[in-house]
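> the following block contains a protein sequence and its predicted model.
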Amino acid sequence: MRVLVAGATGAIGRLLVPMLLADGHEVAGTSRSAEGVKAVDARGARGIQMDALDAESVNAAFQAYRPEIIVHQLTALGERDFAANSRLRIEGTRHLADAALEVGARKMVAQSISWVYEAGDTPAAETVPLDESPERSRMMAGVKALEAESARLPEHVVLRYGLLYGPGTWHERGGYVARQLREHAITANDGVSSFIHVEDAARAAVAALEWPNATVNIVDDDPAPSREWLTALAAAFGE
């Protein structure tokens with residue numbers, strides 16, 4: 001299949017591109033920078049420079065490549081800019097969907113998040129209502145827009161990932177969480193989180209190319225309170 005990975009140099013995207021190539025797909029990957037394009041080319045895919053917040057840039061990329069399937073892995077979380085990330089989910093996904101429909105693409109696989117549900121005492125299935133509390137309104141606006149825009153395509157799979165760990169994530173050795181531990185700026189509590197290794201997240205995106213329309217939680221099977229996992233992480237990192 002002819003696949004376009006939007007956000008091909010991120011933590012998931014850079015693992016995903018070689019997986020797709022290994023499965024025999026024709027692959028292009030986007031980056032905002034010329035350096036990112038070169039990195040995609042170096043992995044054996046076709047690098048395309050594209051700014052997802054610029055509709056003309058997105059249209060030009062899609063017209064040049066004309067993908068069948070879009071794998072949306074765009075985020076703005078490297079600098080922890082949550083406002084920019086919400087904008088990317090809202091405007092960027094709309095631009096992707098518009099351009100995809102224009103070139104006749106049939107499917108979008110999109111990265112969402114799993115900590116969007118109403119609070120409860122048990123792990124949340126995909127059928128649990130989304131959290132509509134005012135304090136989470138900005139984040140939820142981005143998530144709902146991303147998922148709705150993805151569903152405009154004839155086929156769509158939304159991957160609600162757990163917290164990512166592994167290379168290139170906040171939970172890698174020397175990463176954001178490690179620095180927070182070192183500075184005693186993070187506190188363990190009874191709040192429960194579900195995780196997913198970044199490589200498993202990429203593998204789920206590959207598998208989703210064959211899945212029917214769905215919204216799916218992509219998480220481990222052993223959620224834990226931070227008083228357990230944060231303590232274990234601190235010990236592993238020597239913090």
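Ah, there it is. Numbers count the residues shown, from 1 in each chain.
> where do the strands sit along the protein?
Applying DSSP state E to the chain gives strands spanning 2-6, 26-31, 46-49, 69-72, 107-113, 155-161, 163-165, 192-193, 195-197, 214-218, 224-225.
> packing partners for the first one?
It refers to strand 2-6. Counting contacts by 3 or more CB pairs under 8 Å, 6 or more residues apart in numbering; DSSP states H and E, strand 2-6 is packed against helix 13-22, strand 26-31, helix 55-65, strand 69-72. (Each C-beta comes from the backbone N, C-alpha and C, glycine too.)
> 10 Å - rerun?
Judged by 3 or more CB pairs under 10 Å, 6 or more residues apart in numbering; DSSP states H and E, strand 2-6 is in contact with helix 13-22, strand 26-31, strand 46-49, helix 55-65, strand 69-72, helix 93-103, strand 107-113, helix 198-208.
> ok, now the fifth one?
The elements that strand 107-113 packs onto, with contact taken as 3+ CB pairs under 10 Å, 6+ apart, are strand 2-6, strand 69-72, helix 93-103, helix 137-150, strand 155-161, strand 163-165, helix 198-208, strand 214-218.
> state the mean pLDDT of it.
Mean pLDDT, computed over strand 107-113, is 98.
> how about the closest residue to Ala141 other than its chain neighbours, what does it touch?
Closest residue to Ala141 apart from its sequence neighbours, by CB to CB, 6 or more residues apart in numbering: Ser86 at 6.5 Å. Residues counted as contacts of Ser86 (CB atoms under 10 Å, 6 or more residues apart in numbering) are Ala76, Arg138, Met139, Met140, Ala141, Gly142, Val143, Ala145, Leu146.
> same question, Arg80
Trp170, Tyr176.
> for it, give me the pLDDT.
pLDDT, read off for Arg80, is 80.
> now do Gly120, the pLDDT please.
So, for Gly120, pLDDT stands at 89.
> what's the answer for Ser193, then?
pLDDT, Ser193: 91.
> not counting sequence-adjacent ones, nearest residue to it?
In space, Ser193 is closest to Leu163, 5.4 Å off (CB to CB, 6+ apart).
> Pro123 now?
Pro223 (5.6 Å).
> so the one you found sits against Asp190, correct?
No. Here Pro223 lies out of contact with Asp190, judged by CB atoms under 10 Å, at a distance of 11.9 Å.
> ok, these two, which is more surrounded?
Between Pro223 and Asp190, counting by other CB atoms under 10 Å, Pro223 is the more crowded of the two (17 against 8).
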